[in-house]
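Asker: Using only what follows, build the 3D model:
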Amino acid sequence: MMEETLHHTEHIPQWKKDEIKSIKDLINTYPLFAIAGIGGIPAKQFQIMRRELKDTAVLRVSRNTLINRALDEATEDIQKMNDFVELQTALIFTEENPFKLYKILEQSKTPSPIKAGTVAPKDIMVEKGPTSFPPGPILGDLQSVGIPAAIEQGKVVIKENKVVAKEGEVVSSKLAAMLARLEIHPLEVGMNLRAVYESGFIFTPDVLEIDENKYFNDISVAFQRAFNLSVNASYPTKANINILLSTAFIKSQSLGLSAEILEPDMMDKLISKAHSQMVSLATAASAKDESVLDDDLNEIVGARKESAESSNDQKSTDEVIDTEEKKEEEEDESEDSGMAGLGSLFG
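Answerer: A predicted model of the protein is given here:
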């Protein structure tokens, strides 16, 4: 048995040995490598994708047996990537993070017509509306594949939205041809990322596919809630320190005013408060006996009374004006209604 294994190893072509070594060197050189499916990609489009990735990653296509051999000779955690080597496979080596690589590959995909015999990857819908086709045999062709069509104003139109193939169904040749004529491209052609290896971890598409808008909104909401919590708990941070200082200053001012603490910064407010209390007390005393106040206090109290009366008079005037305007509107409506009644009497 040992002799057979040795004999077999000795006859591995040199180009295969070189390919295996090259793949191993790339795995050891780059912090991240991925396995992607490349089935169904036209050669021209694949070359375009290779050029677009040139500054971001190294794209390597090799036989699956050689890829398996290179992975088998790597560390144990890298060997697990063998589970994703199947059908037509490409290796991608890069220094980008897994999420960015996934996004780059998804954005590189382009819409493509579906071929006869292909399984629909999702529900294929034909939307209602006009087409560019003139009346003719096309009408029968559309109806024969289940598309509700009719002729309106000299053009063929689709009468309603119609799912012509459900997810998982095989697309017939007639339907595939009609979808191509309608320029409906249900497929997305491009590399399908199967797995990414980085620092001992394997990431699959279900982990890498994230809704960026929702992700950023969640972060924004979390930040706002954390900020509110830190402010309410008086927990100082770089983000909330100005708010906390402002709140503390306002509270200290209120406390100083309520407790009548004689501090230089409080004197103006305390004097204003004392003056207001003094005027209120003088007004109450004057209501009982005007003689108890001296001339200065009588003048101050009188000015306050005049200000209050002027304010009340203005309020009353505004209420009268509003009442009169409302009454005039009601009279106008009544007159209009009466004129309408006379008009109906005299035809």
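
Asker: any idea how far the residue nearest the centre of the chain is from residue 203?
Answerer: The residue lying closest to the centre of the chain (Cα atoms, centre = their mean) is residue 213, at 2.4 Å. Distance from residue 213 to residue 203, counting by Cβ to Cβ, to the nearest Å: 21 Å. Every residue, glycine included, has its C-beta placed from N, CA and C.

Asker: now residue 218
Answerer: Where residue 203 is concerned, residue 218 sits at a distance of 20 Å (Cβ to Cβ).

Asker: Neighbour count for those two, which is higher?
Answerer: Between residue 218 and residue 203, counted using other Cβ atoms under 10 Å, the more crowded position is residue 203 (19 against 11).

Asker: List phi and psi for that one.
Answerer: phi -110, psi 130 (degrees, to the nearest 10).

Asker: wait, isn't it in contact with residue 196?
Answerer: Yes: taking Cβ atoms under 8 Å as the definition, residue 203 is a contact partner of residue 196 at 4.5 Å.

Asker: Listing request: residues of the stretch 151-300 of the chain with sub-threshold pLDDT.
Answerer: 265-266, 288, 290-293, 295 (pLDDT under 70).

Asker: how about the helices in it?
Answerer: Assigned by DSSP state H, counting those that start in this stretch, the helices in the stretch 151-300 of the chain fall at 173-181, 205-208, 212-232, 241-259, 267-288, 295-345.

Asker: Could you list the residues in contact with the shortest one?
Answerer: Residues from elsewhere that reach helix 205-208, judged by Cβ atoms under 8 Å, 6 or more residues apart in numbering: 98, 99, 102, 192, 193, 194, 196.

Asker: Burial check on residue 188, number of neighbours?
Answerer: 13.

Asker: Where does the record place the domain boundaries for the protein?
Answerer: The chain breaks down by automatic domain parsing into domains covering 2-110+190-210, 124-187.

Asker: And those: which comes nearest residue 237?
Answerer: Of all the domains of the chain, domain 2-110+190-210 sits nearest to residue 237, with 27.7 Å by Cβ to Cβ.

Asker: The closest one: how far from the chain's middle?
Answerer: Domain 2-110+190-210 sits 32 Å away from the centroid of its parent chain (Cα atoms, centre = their mean, to the nearest Å).

Asker: Give me the number of neighbouring residues for residue 211.
Answerer: Neighbour tally, residue 211, other Cβ under 10 Å: 9.

Asker: again with residue 302
Answerer: Residue 302: 14 neighbours (other Cβ under 10 Å).

Asker: rewinding a little: can you list residues touching both of residue 203 and residue 196?
Answerer: Contacts common to residue 203 and residue 196, judged by Cβ under 8 Å, 6+ apart, are residue 98.

Asker: CSV please, covering the domains of the chain and showing distance to residue 238.
Answerer: Shown next, in CSV, are those (distance: least, Cβ to Cβ, whole Å):
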stretch, distance to residue 238
domain 2-110+190-210, 27
domain 124-187, 50
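
Asker: Quick one, which of these gets closest to residue 252.
Answerer: domain 2-110+190-210 (46.5 Å).

Asker: any idea where the strands of the stretch 51-200 of the chain begin and end?
Answerer: Counting by DSSP state E, counting those that start in this stretch, the stretch 51-200 of the chain has these strands, from start to end: 57-61, 89-94, 110-112, 124-126, 129-130, 149-152, 155-158, 162-165, 187-189, 192-198.

Asker: between the domains of the chain, which one is nearest to residue 279?
Answerer: Counting by Cβ to Cβ, residue 279 lies closest to domain 2-110+190-210 out of the domains of the chain; the figure is 66.0 Å.

Asker: now residue 106, nearest residue through space, not along the chain?
Answerer: Nearest non-adjacent residue to residue 106, counting by Cβ to Cβ, 6 or more residues apart in numbering: residue 190, 7.6 Å away.

Asker: quick one: contacts for the one you found?
Answerer: Going by Cβ under 8 Å, 6+ apart, residue 190 touches 41, 45, 49, 105, 106, 108, 109, 110.

Asker: In helices only, show me the residues you listed.
Answerer: The helices, defined by DSSP state H, take in 45, 49, 105, 106 from the contacts of residue 190.

Asker: what number of residues lie near the third one?
Answerer: When neighbours are defined as other Cβ under 10 Å, residue 105 has 21 of them.

Asker: now residue 77
Answerer: 12.

Asker: follow-up on the earlier one: from the contacts of helix 205-208, which is closest to residue 125?
Answerer: Once Cβ to Cβ is applied, the member of these that ends up nearest residue 125 is residue 192, at 22.8 Å.

Asker: ok, the closest one touching residue 37?
Answerer: Yes: using Cβ under 8 Å, residue 192 makes contact with residue 37 at a distance of 4.2 Å.

Asker: Now list whatever residues contact both of those two.
Answerer: By Cβ under 8 Å, 6+ apart, no residue touches both residue 192 and residue 37.

Asker: Isn't residue 90 up against residue 63?
Answerer: No: applying Cβ under 8 Å, one finds residue 90 not in contact with residue 63, separated by 11.6 Å.

Asker: how far does stretch 169-177 stretch from start to finish?
Answerer: From its first residue to its last, stretch 169-177 covers 16 Å (Cα to Cα, to the nearest Å).
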